[in-house]
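Trainee: I would like to see how this sequence folds:
(2 chains)
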Amino acid sequence: MSDLFDDDEPGAGGNAPTVTISELSGAVKRAIEGGFGHVRVRAEVGRVSRPRSGHVYLDLKDDRAVLASIIWKGVASKLRTQPEEGMEVIVTGKLTTFAGQSRYQMVIESLAPAGVGALMAMLEKRRNALAAEGLFDAERKRALPFLPKVIGVVTSPSGAVIRDILHRLRDRFPREVLVWPVAVQGERCAAEVAAAIRGFNNLAPDGPIPRPDLLIVARGGGSLEDLWGFNEEIVVRAAADSQIPLISAVGHETDTTLIDFASDRRAPTPTAAAEIAVPVRAELRAALAALDERRIAGMARILRDRGDRVRAAARALPRAQTLVSDPRQRLDRAGDRLPTALGRMADRKRLALTQVAFDPARLVAHLAEPRAKLRNMSLGRAILKGLSDRQDRVKRAQLRPAGLIRMAEERRSLTTQQAQRLHRAGARILPDRARALTSLGRTLETLSYHEVLNRGFAVVHRGDELIKNPNALSAGDTLSITFADHKTTTARVEGQAASKPRAATKAPRPSSKDSGQGSLF
Amino acid sequence: MSEPKVEDLSFEQAMAELEQVVAKLERGDVALEQSITLYERGAALKKHCEKHLTAAEEKIAQITGDGEGTKPASFE
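Mentor: Below is the predicted model:
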């Protein structure tokens, strides 16, 4: 080596062979891989990144140096403990280079926490942080239902845990159980457990899948690394956020994971979780039966007690005869004394009555005061005045029979006078009227055709018909001829109808009342 | 006493009320009429509790997918 450096002085052209970067990088790679084919390193985990490829890139460091590291996907999924920033770890692997970036790095084949103390310290740190957020507060704890209808269990579908839980539930109180299968260790554990808790919470209360009213998150015992998933923040947060009361039962009694702080109740084992979840049906039956017996007995005692009191009260009641005998005696005595008392009472009142003389003067005196009062009131005065006026008028207008009689006498004499005057007038009028009648009768007589008859004329009738014209006669007619002094002769017309001369002689033209008679005069 | 209908009570509520009813009956200081009401209420509560106890039936199912369905499971 010293020869090489001696020959190859700075600035001199030299005869050393020239190599490419790739050749050099390859040489370095071989040197490093050859020299550090298997190393075991204790370090603190720095920044961790997990790209979608599934490989894990992380920095391993101590206080002065950093070593870039990589965990290939296949290895990462098998790790019992996932690397986290700040974690003290012991890793094994080999060194290699990454020529593209002029880097050397470690390919990790196994990773384990650097002792339980280190892991516990980290756990404690995380617990404190979550507690500071209030996720573990007592106020967040929900009361477990006394008798859940549906129990949701988050655990591995294979293994003893779920069987233990179901067996214990069946022994105590068979319920409807929904199992949400999850990986209970390894890389997928935390994410699946958290998703299951949230999944149960997201079930609709009346959906096709019945929403549990109690959750159990369970896992059997294991190493701290095995249980690590239940320390993960997403699991703790899901448990703390659960609206459904949650029992955590992870590991054995001595194992404590962070989900135990966030759950509403921690069970030491999965079996214990089932015991916490449901009461024992047989015990409930017994308790119920005992209660019911007490109920019936209590009622019976009440009835017996009331009956006793009624009978006691009945005994204390006096006989009906006794109750009425005394009042009856009093009634009899009163009945005896009643007639005498009545008579005496009447006597006393009668005496009092005689002592009260009937004194009109006293009555008037009694009246004086109200009358004066009445007078003092204006209405009273007006009434009094009106009253006295009326009295005066009544006095003045007294009905006097003498006056009536006189009036009647006057009327009567007047009537008599009138009657006499009527009589006299009548007497005076009658002879006058008689004379006038006689005179008129005479006049009538002088005007009558009878006077004419007296002068020799006659009146011819055919039946009732007065014959004025002989032409109206026909042969065979029977005529009556009236002469003076009402003498009447019957005659018959002979020959041809109109024998004027005979007819004229025999039957002079009868007088008619108007012109005929007039012409006669 | 305006109590909720017995049918609406949970087992726990019904049991608790039954205890109260029994305690009152055992004290014996209630009116006769009220004691009869209590007695009958107690009978109804007991019947209701018994129904809860008798109706219990084991049923186990496993969630499939992302909580989108269930399938019966036995785990035996």
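Trainee: do stretch A:149-169 and chain B meet at all?
Mentor: Yes - interface with chain B: stretch A:149-169 contributes A:157, A:162-163, A:166, A:169 (C-beta under 8 Å from any C-beta of the partner chain). (Glycine included, C-beta is placed from N, CA and C.)
Trainee: ok, of the residues you listed, which come out buried?
Mentor: Neighbour-count burial (16 or more other C-beta atoms under 10 Å in any protein chain shown) applied to those gives A:162, A:166, A:169.
Trainee: List the buried residues of the lengthiest helix in chain B.
Mentor: What stands out as the longest helix in chain B, according to DSSP state H, is helix B:32-55. Going by neighbour count (16+ other C-beta under 10 Å), the buried part of helix B:32-55 is B:35, B:38-39, B:41-46, B:48-50, B:52.
Trainee: helices or strands up against it?
Mentor: If contacts are counted by 3 or more C-beta pairs under 8 Å, 6 or more residues apart in numbering or on different chains; DSSP states H and E, helix B:32-55 sits against helix A:281-316, helix B:11-27.
Trainee: Distance check, the closest residue to chain A within chain B against A:Pro174.
Mentor: In chain B, the residue that lies nearest chain A is B:Leu25 (3.2 Å; C-beta to the nearest C-beta). B:Leu25 is 33 Å from A:Pro174, where distance means C-beta to C-beta, to the nearest Å.
Trainee: cool, and A:Glu187?
Mentor: 36 Å.
Trainee: now A:Thr81
Mentor: For A:Thr81 relative to A:Pro174 (C-beta to C-beta), the value is 40 Å.
Trainee: Repeat that for A:Trp180.
Mentor: Distance, A:Trp180 to A:Pro174, by C-beta to C-beta: 20 Å.
Trainee: Deepest-packed of the helices and strands packed on helix B:32-55, please.
Mentor: helix B:11-27 (a mean of 19; mean count of other C-beta atoms under 10 Å in any protein chain shown).
Trainee: by contact count, what packs against that one?
Mentor: Using 3+ C-beta pairs under 8 Å, 6+ apart, helix B:11-27 is in contact with helix A:281-316, helix B:32-55.
Trainee: Where does A:Asp206 fall, secondary structure wise?
Mentor: Using DSSP states H and E, A:Asp206 falls within no helix or strand.
Trainee: neighbours around it, how many?
Mentor: Close neighbours of A:Asp206, defined as other C-beta atoms under 10 Å in any protein chain shown, add up to 7.
Trainee: My guess is A:Asn454 contacts A:Phe483. True?
Mentor: No - if you go by C-beta atoms under 8 Å, A:Asn454 and A:Phe483 don't touch, sitting 9.3 Å apart.
Trainee: And these two? Which one has more around it.
Mentor: A:Phe483 (15 against 12).
Trainee: quick one: low-confidence ranges for chain A?
Mentor: Applying pLDDT under 70 to chain A picks out residues A:1-14, A:357-360, A:374-375, A:380, A:397-400, A:495-521.
Trainee: What's opposite the nearest residue to A:Ser69 once chain neighbours are set aside in the beta bridge?
Mentor: Leaving out its chain neighbours, the residue that sits closest to A:Ser69 by C-beta to C-beta, 6 or more residues apart in numbering or on different chains is A:Met106, at 4.4 Å. Counting by DSSP bridges, A:Met106 is bridged to A:Ser69, A:Leu95.
Trainee: For A:Met106, give its distance to chain B.
Mentor: As judged by C-beta to the nearest C-beta, to the nearest Å, A:Met106 and chain B stand 38 Å apart.
Trainee: For A:Gly54, see how far away that residue is.
Mentor: For A:Met106 relative to A:Gly54 (C-beta to C-beta), the value is 18 Å.
Trainee: Give me the more crowded residue out of those two.
Mentor: Taking neighbours as other C-beta under 10 Å, A:Met106 and A:Gly54 compare with A:Met106 leading, 22 against 13.
Trainee: In contact with the more buried one, which residues are there?
Mentor: Residues near A:Met106 by C-beta atoms under 8 Å, 6 or more residues apart in numbering or on different chains: A:39, A:41, A:60, A:67-70, A:91, A:93-96.
Trainee: now these: which count as buried?
Mentor: A:41, A:60, A:67-70, A:91, A:93, A:95-96.
Trainee: from those residues, which is closest to chain B?
Mentor: A:Ile70 (32.0 Å).
Trainee: surely that closest one meets A:Arg103?
Mentor: No - counting by C-beta under 8 Å, A:Ile70 stays clear of A:Arg103, with 10.6 Å between them.
Trainee: Need the per-residue pLDDT for B:Glu7.
Mentor: B:Glu7 is assigned 85 on the pLDDT scale.
Trainee: right, and it touches B:His48 too?
Mentor: Yes - here B:Glu7 reaches B:His48: they are 6.8 Å apart, a contact under C-beta under 8 Å.
Trainee: which residues touch A:Gln490?
Mentor: Careful, residue A:490 is Thr; it's not Gln. A:478-481.
Trainee: Please name the nearest non-neighbouring residue to A:Arg492.
Mentor: Spatial nearest neighbour of A:Arg492, excluding adjacent residues (C-beta to C-beta, 6+ apart): A:Thr478 at 5.6 Å.
Trainee: and the gap between that neighbour and chain B?
Mentor: Where chain B is concerned, A:Thr478 sits at a distance of 136 Å (C-beta to the nearest C-beta).
Trainee: next one: A:Gly186
Mentor: 19 Å.
Trainee: ok, now A:Ala121?
Mentor: Taken as C-beta to the nearest C-beta, the span from A:Ala121 to chain B is 36 Å.
Trainee: so which strand or helix has that residue?
Mentor: Going by DSSP H and E, A:Ala121 is part of helix A:116-132.
Trainee: Does anything pack onto that helix? Which helices or strands?
Mentor: Using 3+ C-beta pairs under 8 Å, 6+ apart, helix A:116-132 sits against helix A:233-241, helix A:258-262.
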